[in-house]
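Novice: sequence? don't have it. structure:
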């Protein structure tokens, strides 16, 4: 699982980690593992009932968790998530830009609304996360972005043209951010394959 988070689990205790797409799949599993290892997790996703249940599960197991119902398509929501971390725990060590969607189809189907959703969530959602956390990381003098791409960021197959395009974009943005980050900030990209999720 340390591959999924891009974080060394040996030094995670006391770290404040905000996670988008935290209500299911990779985000939920990441939150549970990090909380178990002593991180203070700040959960963000659209489904507040799922977030509330996850936060309660973490707290009942002796961990620390806060949550906010957010939609990564709205820039202000990412600011809210980062602000919650800073207000509740006094800092933000890691932002895991994990929220994503994958409605695949052949281009001939012209499912333009699906294309727009992938662009808004998979690309803009990551950019809005960067916009929210980067000033905080610069001010603190430390911070770590973990951006979820996909194996589709490296290999294109039929019916995944737009999805792959969004994940190529995440990869490119992450690499550019890494080059600009300097020696105080870290940038990690993870590229999982197919993952079981109900998200």
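Specialist: Looks like it arrived, so ask away. Model, not experiment: these values are computed from the prediction.
Novice: buried set for the top helix by length along the chain?
Specialist: In the chain, taking DSSP state H as the definition, the longest helix is helix 161-180. Within helix 161-180, the residues that count as buried by 16 or more other Cβ atoms under 10 Å are 162-171, 173-174, 177-178. Quick note: C-beta positions are derived from backbone N, CA and C, even for glycine.
Novice: where does the residue of the chain most remote from its centre land in three-state SS?
Specialist: The C-alpha centroid of the chain is most remote from residue 108, which lies 30.6 Å away (Cα atoms, centre = their mean). Put simply, residue 108 is helix when judged by DSSP: H, G, I helix; E, B strand; the rest coil.
Novice: pLDDT score for it?
Specialist: Residue 108 carries a pLDDT value of 97.
Novice: and the one 5 residues further on, by the same measure?
Specialist: What the model reports for residue 113 is a pLDDT of 98.
Novice: what segments of this structure are strands?
Specialist: 16-20, 40-45, 64-69, 94-97, 143-148, 185-190 (DSSP state E).
Novice: state the mean pLDDT of the first one.
Specialist: The average of the pLDDT scores along strand 16-20 is 98.
Novice: which strands border it, and is each parallel or antiparallel?
Specialist: strand 40-45 (parallel), strand 94-97 (parallel) (DSSP bridges).
Novice: same check on the third one?
Specialist: Strands flanking strand 64-69 in the sheet, each with its direction: strand 40-45 (parallel) (DSSP bridges).
Novice: would you mind pulling the contact partners of the strand it pairs with?
Specialist: 14-24, 27, 31, 34-35, 51, 54-55, 58, 63-70, 72, 77-78, 81, 84-85, 88-89, 92, 99 (Cβ atoms under 8 Å, 6 or more residues apart in numbering).
Novice: which residues sit in contact with residue 158?
Specialist: Here residue 158 is in contact with residue 106 (Cβ under 8 Å, 6+ apart).
Novice: 15 is where my numbering starts, stick with that
Specialist: Renumbered: residue one is now 15, and that last one reads residue 172.
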